[in-house]
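Colleague: Next comes the sequence, and after it the predicted model I'd like to discuss.
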Amino acid sequence: MDQSVLQKVLAAQRNELTEAVIYKQLAAIVKPVAHRDILLRIASEEEAHAFILKGITGREVSADLERVRWFVTISRIFGLNFGLRLMENQEGMAQDIYEILKKEHPAIERLFHDEQTHEKELLDMVDEERLKYVGAVVLGLNDALVELVGVLAGLTLALQNMKLIVVAGLITGIAASLSMAVAAYLAVRQDDDGKDPLKSALYTGVAYIVTVALLIWPYLVMSNMYVALTIAILDAILIIWFATFYIAVAKNVSFWKRFAEMTILSVIVAALNFGVGLMVHHVFGINV
């Protein structure tokens, strides 16, 4: 076997073994029995895949323990579904070598089929509460980003006083978060789609408050309000990136379209409110 091909097969062999260890460790910490059974089933298949590849390479490999720790930690923090889908999304790197190998090794066909379909179907069965309420979180994030970025831009030009901007921003943010939480509660109560209205309200309100805190903190630590506004806008873009990435991975949807749409909307609203603040400052002569 060509050395370059051999190295790729060995990497794929190690990847299969590593993922088997990840699935086993996750199975040991998840509470739902159904989730544990799914993980142990996939782990068994990954071990079988590694054994097939070992028959081709004739070499022993060990699991990548750093990668094991990384994905187990990610799954603990952001949820089982997110961690598993993020890991599975990286398997595309091995598909090319499988295509080459299956021409000479018929057993690879089974491995290739599993990687293409079966594991994805099993992962789709993993259902977590946080995914049921991801819409509520997105609602809170989106509304807070669009509204508060615009408010801070307007206040920066209209008031031109850091303390007043912080106070006005906090009052606006807290009032809006309570309003959004109530709106989320009433919306779920009317829809009757199996979700808990109180949990929907909590997820929406907390997401809003956290976003408010992240956007206002630059005004507490910076001495220049324009620098603070710039950092707040950059914070908003980072929040949008993270939230969009999480949703794209967890729900297996497009990332760039959603990210671009939300970023453009937030920047446009900030620019419009910046202009409104400038107009208010000059028309009413506010200077505090």
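Modeller: Yep, that arrived.
Colleague: From here on, just use CA atoms for contacts and neighbour counts.
Modeller: Will do.
Colleague: The stretch 1-150 of the chain: strands as residue ranges?
Modeller: Counting by DSSP state E, counting those that start in this stretch, no segments of the stretch 1-150 of the chain form strands.
Colleague: okay, and for it, where does confidence drop off?
Modeller: In the predicted model of the stretch 1-150 of the chain, residues 1, 90-100, 102-104, 106-107, 109-131 satisfy pLDDT under 70.
Colleague: cutoff 90 now
Modeller: Residues of the stretch 1-150 of the chain meeting the criterion pLDDT under 90: 1-13, 15-16, 19, 29-46, 48-58, 75-150.
Colleague: any idea where the helices of it begin and end?
Modeller: 3-29, 33-57, 65-78, 80-89, 92-101, 107-113, 119-124, 129-132, 134-159 (DSSP state H, counting those that start in this stretch).
Colleague: Kindly reformat those as a markdown table containing distance to residue 218.
Modeller: Shown next, in a markdown table, are these (distance: least, C-alpha to C-alpha, whole Å):
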| stretch | distance to residue 218 |
| --- | --- |
| helix 3-29 | 38 |
| helix 33-57 | 42 |
| helix 65-78 | 26 |
| helix 80-89 | 30 |
| helix 92-101 | 40 |
| helix 107-113 | 50 |
| helix 119-124 | 40 |
| helix 129-132 | 30 |
| helix 134-159 | 11 |
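Colleague: Among the ones you listed, show me which one is buried the most.
Modeller: Most buried of the helices of the stretch 1-150 of the chain by mean neighbour count (mean count of other C-alpha atoms under 10 Å) is helix 134-159; its value is a mean of 24.
Colleague: Which elements pack onto it?
Modeller: If contacts are counted by 3 or more C-alpha pairs under 8 Å, 6 or more residues apart in numbering; DSSP states H and E, helix 134-159 sits against helix 162-191, helix 197-221, helix 225-250, helix 256-284.
Colleague: Just the mean pLDDT for the longest one, thanks.
Modeller: In this case it means helix 162-191. Mean pLDDT, helix 162-191: 87.
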